[in-house]
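A.B. asks: This is a predicted model, with the sequence first.
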Amino acid sequence: MSESVTKLLLVDDNHDILYSVKLGLQRRNFEVDAFANPLMALDAFQAEKYDLALLDIQMPEMNGFELYRKLAQIEPELKVCFFTAYENYREQFKKEFTEIRSDCFLRKPMSIERLSYEINKYLQEEGAASIKETIPR
């Protein structure tokens, strides 16, 4: 019996981070589509293809919050984690996106082992929350 593969959309304008994170996550059995340009990621995005979007916040042309807003227009149920070196974006996110439950902010730098653990933990928690929401009271 084969285990299902977690599919990730990874967007980070730093090519070194993008390459190393993609390679490390692939070695841990994630399927990763990686983009250094948020506009290219948006153009290539397909609804219901990804289990999670892992987005850098500070990027040229479009920041991670703006990219997420556009991706969510295509797939409203898309799960997202923001991958950033700056903790203070959490408050900005909560102000701009009051309708979104996500509070997944992963701080750079982070080992691939830890990143893999945090992604799996977040997806399990979100899955449990979705199950709870569908259970009749």
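C.D. replies: Cool, got the structure. What you see is a predicted model, and the numbers here were worked out from it, not measured in a lab.
A.B. asks: in this structure, what spans have low per-residue confidence?
C.D. replies: 1-3, 86-103, 127-137 (pLDDT under 70).
A.B. asks: If we use 90, what do you get?
C.D. replies: Within the chain, the ranges that satisfy pLDDT under 90 run 1-5, 57-58, 60, 65, 82-110, 124-137.
A.B. asks: Which stretches in it count as helices?
C.D. replies: For the chain, applying DSSP state H gives helices covering 15-27, 38-44, 64-74, 89-96, 112-134.
A.B. asks: Spit out the contact partners of the residue nearest to E113 when sequence neighbours are not counted.
C.D. replies: Residue nearest to E113 in three dimensions, not counting chain neighbours: R28, with 7.9 Å by Cβ to Cβ, 6 or more residues apart in numbering. Where you see a C-beta, it was placed from the backbone N, CA and C, and this is true even at glycine. By Cβ atoms under 8 Å, 6 or more residues apart in numbering, the contact list for R28 reads 112-113, 116.
A.B. asks: I'd like the distance between R28 and L8.
C.D. replies: Separation of R28 from L8 (Cβ to Cβ, to the nearest Å): 11 Å.
A.B. asks: can you check G24 too?
C.D. replies: 12 Å.
A.B. asks: Then E66?
C.D. replies: E66 is 20 Å from L8, by Cβ to Cβ.
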